[in-house]
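Mind folding the following:
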Amino acid sequence: MAKSPLATVAAVAAAGVGAGILLGAAMFQSSEGGSKKTTSSQVEAAYKKVKEKVEEYVAASQDPLTVLANTSALIYTQLKDLRGSPATNWCGFYLVRPTEAKEALILGPFNGKPAVVRIEFGKGVCGTAALSGETQVVDDVHKCPNHIACDSASQSEIVVPIKVGGDVVGVLDIDCPVIKGFNDIDKKYLEEICDILASGLLWNSVCGVKYEQKDPKKSCGNGG
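All right, here's what the predicted structure looks like:
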């Protein structure tokens, strides 16, 4: 029996996490174009500083678009500073908006090339993360038939859902032009960053005053 697109993406993502190397920076050491050699402790220290900065953004403003814009730029530049230019080619957010009735993600603040403006739940890596409520780590996007290509240079991807009260209000999406560009260290800290965003921002201003699922079949953020 053929697998559904959602199951296929989830399977590839799960395989990517299981096969992930200890230090994500290792695959950048032999890359050209300003790659940098880093240690796991350097990566974790850099992420901790990013977390502190995001907390400062949230303390200064609870407006999602304002904070997400700064957070996107921060992660994008810090990854490149840490690992070199091959670290990422796109970093940004897709958001659940009231006009979409919880059935699609709409492009939010980002850094990188122009991107797809609307992604249905269950479609692509972002839509899979939104529908499942779980982080997706994909080592090779070309092995995901459901992958939505915005930049042909992208080789790997990580998408982290932002959940408020069990509901997905958006996702953090980061692409990398190198296969196996993300690992468990990235996953851990990016999830913690998204937790900060989830708890510290006024999401009703983006998602609508009444944030409730209209269709139980499209329930997100339950870890299933």
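
my guess is residue 156 meets residue 173, correct?
No: between residue 156 and residue 173 there is no contact under CB atoms under 8 Å: 12.0 Å. Bear in mind the C-beta positions are built from the backbone N, C-alpha and C, glycine included.

So which helix or strand of this protein has the lowest pLDDT on average?
For the chain, counting by mean pLDDT, DSSP states H and E, helix 5-18 ranks last in confidence among helices and strands (a mean of 45).

which parts of the helix or strand hosting residue 68 are buried?
According to DSSP states H and E, residue 68 maps onto helix 64-83. Along helix 64-83, these residues count as buried under the neighbour rule (16 or more other CB atoms under 10 Å): 64, 67-72, 74-76, 78-80, 82-83.

Stretch 159-178 now?
Residues 159-164, 167-178 are the ones in stretch 159-178 that count as buried (16+ other CB under 10 Å).

Could you pull up the mean pLDDT of it?
Averaged across stretch 159-178, the pLDDT comes to 95.

CA atoms of that stretch as CSV?
Output of stretch 159-178 as CSV, limited to C-alpha atoms (Å, rounded to 0.1, in the frame of the first residue of the first chain):
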residue,chain,number,x,y,z
VAL,A,159,10.9,22.9,10.6
VAL,A,160,9.8,23.5,14.2
PRO,A,161,6.2,24.1,15.2
ILE,A,162,5.2,26.9,17.5
LYS,A,163,2.5,25.7,19.8
VAL,A,164,0.1,27.7,22.0
GLY,A,165,-2.3,25.8,24.2
GLY,A,166,-1.8,22.6,22.1
ASP,A,167,-2.5,24.4,18.8
VAL,A,168,0.1,25.2,16.2
VAL,A,169,0.2,29.0,15.5
GLY,A,170,3.1,28.9,13.1
VAL,A,171,6.4,27.2,12.2
LEU,A,172,10.0,28.1,12.1
ASP,A,173,11.5,26.9,8.8
ILE,A,174,15.2,26.8,8.1
ASP,A,175,16.8,25.5,4.8
CYS,A,176,20.5,24.6,4.3
PRO,A,177,22.3,24.2,0.9
VAL,A,178,24.2,21.1,2.4
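
Tell me the gap between it and the middle of its chain.
Remark: stretch 159-178 is offset 4 Å from the chain centroid, using CA atoms, centre = their mean, to the nearest Å.

same check, this time on stretch 127-138
9 Å.

Quick check: residue 174 touching residue 187?
No: at 10.8 Å, residue 174 does not count as touching residue 187 under the criterion of CB under 8 Å.

helices and strands around the helix holding residue 68, which ones?
Contact analysis of helix 64-83 by 3 or more CB pairs under 8 Å, 6 or more residues apart in numbering; DSSP states H and E lists helix 40-60, strand 90-96, strand 104-112, strand 167-176, helix 184-200, helix 204-207 as its packing neighbours.

Report the mean confidence score over that helix.
96.

Give me the angle between that helix and strand 167-176.
If you take axes from the mean of the first three to the mean of the last three CA atoms, to 10 degrees, helix 64-83 sits at 30 degrees to strand 167-176.

tilt between helix 64-83 and strand 90-96?
Angle, helix 64-83 to strand 90-96, by the same axes, to 10 degrees: 150 degrees.

which residues are in contact with helix 64-83?
Contact partners of helix 64-83, identified using CB atoms under 8 Å, 6 or more residues apart in numbering, comprise 24-25, 28, 35-36, 38, 42-43, 46, 49-50, 53-54, 57-58, 61, 87-88, 91-93, 95, 108-112, 170, 172, 174, 190, 193, 197, 200-203, 205-206.
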